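Peer 1: return a 3D structure for these sequence lines:
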Amino acid sequence: MDMARQFLLNITRALAVVSLAVAASASSASIPAPASADSETIEGAVLKQDGKSLLGLVGPLAASTPASGGDLYQEDMAFALDELKKQCGGFFRLKQIKWNKVEKEFKRAAKKVRTDTEHLVLLQRLISRLKDGHARVEALEKGKNVPRPEEWTIEKRGPGLFLCQIGKRIYIKNAWSSATAVGLAAGMEVLSIDGQKMAKWLPARIEELSDTHSFSTDQQALFYALHRGLARETGSRLKLECKTLEGKKKKRTITIGRASLIPNGPAFPPQDYETLGDSIRIGHTEEGYGYIHFRRTKDKVLEELDSALAKLGPVPGMILDFRGNSGGGCDHDAFEARFVPKGQKMPRMARSQLASQGEAPYGGPIIVIVDGTTVSAGETTSGMFKEDGRAYMIGESATAGMSSQKTTIELPSRLFALYVSTRSNRSSYNKGRGIEGIGVAPQELVEFDPDDLAAGVDTLIRRAEELLGDYPKKAVKYDPKEYGWGG
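Peer 2: Take a look at the predicted model:
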């Protein structure tokens, strides 16, 4: 009996040595570098896409590190479920999250996890259930060498077109590159993608994306599907059936090339569109109104804004377009103060009066444009113009509803941490409910017009011009004349 026990002990030790050797080899594997800057980037050892984690898991997992331990994975999951309920539970009713169902699903799934890579994938799927656009899994020091699934490392690009919803139908919003090469154009109705009618393709695509991506609101998920959701592996094909304005049907196949998949804001910007820096682009509309597109809200946005206002001058009206704004951060009071006439103070809804700032502040009428691609700081900066009664807001939809205070939850295994939202920013918005999970709703919903798109006209910019020509004074508290603005 002693000899048998000794034999088994020797076998166990030998297997342990082999296991350690394999683990050492696997842990030295580096995270694959992205092939393109605008489609995939690495930040803190977690693959991300323009600020969002790349969570789309479709193909098989890459080679995984040996298991840190099944019990440890279950311990991580139990801890995560408890902590997320404590930290994020305030959003569950608003976002209609049934946490009891989530707990059952993921406790059961954790029992089947055998490798660190599988553990990472399950955690990514878990945070998607939070419906939190900022949520992501972060690798701690111990987890930085855990191999990512192969699908996360594949370069993906767009088909050279973006889509929009008009009523219940889907249309090509703008087209370039690979799409125009096969005869597709803005204003065409999309009847099917890869053989699936759009009435089925769109909800199915949103459901697929939502299993691995965390979206704060339905509008964020919709706009993601119509833009980034079209991304495919370079060299693959996308089949579309479309209908022209004249009713002629076309079947076309796009070979995915190098087209960007990042929403760029306006469908068609003004002709004299000029980039001033990392955050701002400017121009003049056909009617002579000033136009500023805030692509981001980065550190130097105030300097860029001063330059923009000085270049545009005392135009009769201003359009501030926040579509495609990926967020950032700035002094919000200083930002809005650039739109209070020099030497004046403007009363605000829930805060103290705001004194003018900047070298060339603008005091005329303003129209703000937003949609479901307006996120984070883009929502708070655009939203304050509506909330404070400084401007009239229009948009295809409310903003993404992705604006919050965050925290980081380290898991017991010390492999990963969860970065999640805990409470909403701008608690005075939406009658005290804040922005997270809701968004900032425009005062007027405006859909694109297929005829406008076919003619290269952005319907929302055209509508903004109409409103500046006949300003909705009853809906906007701020009156330029009361502030001595005669520009």
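Peer 1: CA atoms for contacts and neighbours, from now on please.
Peer 2: Will do.
Peer 1: can you pull the contacts of the closest residue to Val301 other than its chain neighbours?
Peer 2: Setting aside the residues directly before and after it, Val301 is nearest to Ser279 in space (C-alpha to C-alpha, 6 or more residues apart in numbering), at 5.9 Å. By C-alpha atoms under 8 Å, 6 or more residues apart in numbering, the residues touching Ser279 are 294-298, 300-301, 304.
Peer 1: and Ser279, how far from Asn264?
Peer 2: Distance, Ser279 to Asn264, using C-alpha to C-alpha, to the nearest Å: 12 Å.
Peer 1: same question for Arg205.
Peer 2: Counting by C-alpha to C-alpha, the separation of Arg205 from Asn264 is 21 Å.
Peer 1: how about Asp71, secondary structure?
Peer 2: helix (DSSP: H, G, I helix; E, B strand; the rest coil).
Peer 1: quick check: domain ranges of the protein?
Peer 2: Per the record, the chain has its domains at 32-152, 156-255, 274-403+439-483, by automatic domain parsing.
Peer 1: out of those domains, which gets the lowest mean score?
Peer 2: Of all the domains of the chain, domain 32-152 carries the lowest average pLDDT, namely a mean of 78.
Peer 1: who touches both of Ser279 and Asn264?
Peer 2: When contacts are counted by C-alpha under 8 Å, 6+ apart, Ser279 and Asn264 have Arg295 as shared neighbours.
Peer 1: contact partners for Arg323?
Peer 2: Contacts were defined as C-alpha under 8 Å, 6+ apart; by that measure Arg323 touches 264-266, 293-295, 369-374.
Peer 1: most neighbours, which of those?
Peer 2: Scoring the contacts of Arg323 on neighbours with other C-alpha atoms under 10 Å, the highest-scoring entry is Thr374 at 34 neighbours.
Peer 1: quickly find the element holding that one.
Peer 2: If you go by DSSP states H and E, Thr374 is not part of any helix or strand.
Peer 1: just to revisit the earlier point, out of the domains of the chain, flag the one nearest Val420.
Peer 2: Proximity to Val420, assessed across the domains of the chain by C-alpha to C-alpha, is greatest for domain 32-152 (4.5 Å).
Peer 1: who touches the helix or strand Ile254 falls within?
Peer 2: Using DSSP H and E, the element containing Ile254 is strand 249-255. When contacts are defined by C-alpha under 8 Å, 6+ apart, strand 249-255 is touched by residues 159, 178-179, 182-184, 234-244.
Peer 1: strands paired with that strand, and their directions?
Peer 2: strand 237-243 (antiparallel) (DSSP bridges).
Peer 1: may I see the buried residues of the partner strand?
Peer 2: Neighbour-count burial for strand 237-243 flags 238, 240-243 (criterion: 16 or more other C-alpha atoms under 10 Å).
Peer 1: for the residues you listed, which one is nearest Asp449?
Peer 2: Lys243 (14.9 Å).
Peer 1: just checking, that closest one touches Ser192?
Peer 2: No - the pair formed by Lys243 and Ser192 falls short of the contact definition of C-alpha atoms under 8 Å, at 10.0 Å.
Peer 1: show me where the stretch 351-487 of the chain has its helices.
Peer 2: Under the criterion DSSP state H, counting those that start in this stretch, the stretch 351-487 of the chain carries helices at the ranges 377-387, 429-432, 450-454, 459-469.
Peer 1: can you list those helices in CSV and add mean neighbour count and distance to Ile256?
Peer 2: Rendered in CSV, the data for these read as follows (neighbours: other C-alpha atoms under 10 Å; distance: least, C-alpha to C-alpha, whole Å):
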stretch, mean neighbour count, distance to Ile256
helix 377-387, 24, 30
helix 429-432, 12, 41
helix 450-454, 18, 23
helix 459-469, 19, 28
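Peer 1: closest one to Val476 among those helices?
Peer 2: Proximity to Val476 (C-alpha to C-alpha) singles out helix 377-387 among the helices of the stretch 351-487 of the chain, at 8.0 Å.
Peer 1: measure Tyr483 to Gly383 for me?
Peer 2: Plainly put, Tyr483 is 22 Å away from Gly383 if you go by C-alpha to C-alpha.
Peer 1: returning to what we had before: who wins for proximity to Pro412 among the domains of the chain?
Peer 2: Taking C-alpha to C-alpha, domain 32-152 is the member of those nearest to Pro412, at 5.7 Å.
Peer 1: quick check: the residue lying closest to Gly363 once chain neighbours are set aside vs Gly324, distance?
Peer 2: Nearest residue to Gly363, sequence neighbours excluded (C-alpha to C-alpha, 6+ apart): Pro341, at 4.7 Å. According to C-alpha to C-alpha, Pro341 and Gly324 sit 28 Å apart.
Peer 1: the contacts of Arg323: which two are farthest apart?
Peer 2: Using C-alpha to C-alpha, the two most remote members of the contacts of Arg323 are His293 and Gly372, lying 15.5 Å apart.
Peer 1: how about the helices of the stretch 151-300 of the chain, start to end?
Peer 2: Residue ranges of the helices in the stretch 151-300 of the chain, as given by DSSP H, counting those that start in this stretch, are 177-181, 198-210, 218-226.
Peer 1: out of these, which gets nearest to Leu72?
Peer 2: Comparing the helices of the stretch 151-300 of the chain by their distance to Leu72 (C-alpha to C-alpha), the top pick is helix 198-210, with 26.8 Å.
Peer 1: packing partners of the closest one?
Peer 2: Contacts of helix 198-210 with other secondary structure elements, assessed using 3 or more C-alpha pairs under 8 Å, 6 or more residues apart in numbering; DSSP states H and E, are made with strand 189-193, helix 218-226.
Peer 1: closest to Gly401 out of the ones you listed?
Peer 2: The nearest among these, by C-alpha to C-alpha, is helix 218-226 at 7.5 Å.
Peer 1: just the CA coordinates for that closest one, please, in PDB.
Peer 2: Once non-C-alpha atoms are left out, helix 218-226 reads as follows in PDB (Å, rounded to 0.1, in the frame of the first residue of the first chain):
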ATOM      1  CA  ASP A 218     -31.500  51.200 -26.700                       C
ATOM      2  CA  GLN A 219     -30.600  54.200 -28.800                       C
ATOM      3  CA  GLN A 220     -26.900  53.600 -28.200                       C
ATOM      4  CA  ALA A 221     -27.200  49.900 -29.300                       C
ATOM      5  CA  LEU A 222     -29.200  51.000 -32.400                       C
ATOM      6  CA  PHE A 223     -26.700  53.500 -33.600                       C
ATOM      7  CA  TYR A 224     -23.800  51.200 -32.800                       C
ATOM      8  CA  ALA A 225     -25.400  48.500 -34.900                       C
ATOM      9  CA  LEU A 226     -25.900  50.900 -37.800                       C
END
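Peer 1: next, count neighbours for Glu447.
Peer 2: Applying other C-alpha under 10 Å, we find 17 other residues in the vicinity of Glu447.
Peer 1: roughly how far apart are it and Ser356?
Peer 2: Using C-alpha to C-alpha, Glu447 is found at 34 Å from Ser356.
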